[in-house]
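Undergrad: Following is a predicted model, sequence given first.
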Amino acid sequence: MSKPIHIRAVDKTYPPLSPVTTGIKGHCPRCGEGHIFVGFLTIRDHCEICGLDYAFADPADGPAVFVQLFACVPGVIFVVMLEILARPGLWVHLALGVPVLILTGVLPLRPIKGWLVAAQYTTRAQEAGTGALWSQLHNKND
Ligand SMILES: [Zn+2]
């Protein structure tokens, strides 16, 4: 038996929200109040406030690519430059390098994934050939 879905303000008209501000915070791209994530990176089935179905949300490897390009590469450069310039002991690499790589590789994933999901909603981005799915979702919820 499934839990009842409590949907508030389904018929409400929603103003356009910035996918950057709502996505980075992990908030619903339609109402701005609900949440996109149920865990650290797991996307909810629907918004708990407005009922937006997140079936359209599939950023795939996008968050990982952005993190690799803009966060991990600078982290690795930091560790390499630390070795080249200071030649510290192994304990310094363990104390500085490992946390830097973990922080730059893991922490940005959630806000970037939220931003990509919100951008998918705002731009109506979808895989080729799934236009009928978006139309059904969009007409049903707006
Ligand atoms: Zn919502």
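TA: That came through fine.
Undergrad: middle-most residue in this protein, spatially?
TA: K113 (1.7 Å; Cα atoms, centre = their mean).
Undergrad: Setting aside sequence neighbours, what's the nearest residue to that one?
TA: Nearest residue to K113, sequence neighbours excluded (Cβ to Cβ, 6 or more residues apart in numbering): P63, at 4.1 Å. (C-beta placed from N, C-alpha, C; glycine too.)
Undergrad: Do I have it right that the one you found meets L107?
TA: No. P63 is not in contact with L107 according to Cβ atoms under 8 Å; the separation is 11.6 Å.
Undergrad: So if I had to pick from these two, which one is more boxed in?
TA: P63 (20 against 12; other Cβ atoms under 10 Å).
Undergrad: can you give me phi and psi for the more buried one?
TA: Main-chain dihedrals, P63, degrees, to the nearest 10: phi -60, psi -40.
Undergrad: what's the distance between it and the ion?
TA: In this view, P63 and the ion are 21 Å apart by Cβ to the ion, to the nearest Å.
Undergrad: and that residue, what pLDDT?
TA: As predicted, P63 sits at a pLDDT of 89.
Undergrad: how close does it get to L109?
TA: 5 Å (Cβ to Cβ, to the nearest Å).
Undergrad: For this protein, which residues are neighbours of the ion?
TA: By the rule Cβ under 5 Å from the ion, the part of the chain lying against the ion is C28, R30, C31, G34, C47, I49, C50, L52.
Undergrad: mind putting these in TSV, pLDDT and secondary structure included?
TA: Shown next, in TSV, are the residues of the chain next to the ion (pLDDT from 0 to 100; DSSP: H, G, I helix; E, B strand; the rest coil):
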residue	pLDDT	secondary structure
C28	95	coil
R30	94	coil
C31	93	coil
G34	95	coil
C47	95	coil
I49	94	coil
C50	93	coil
L52	93	coil
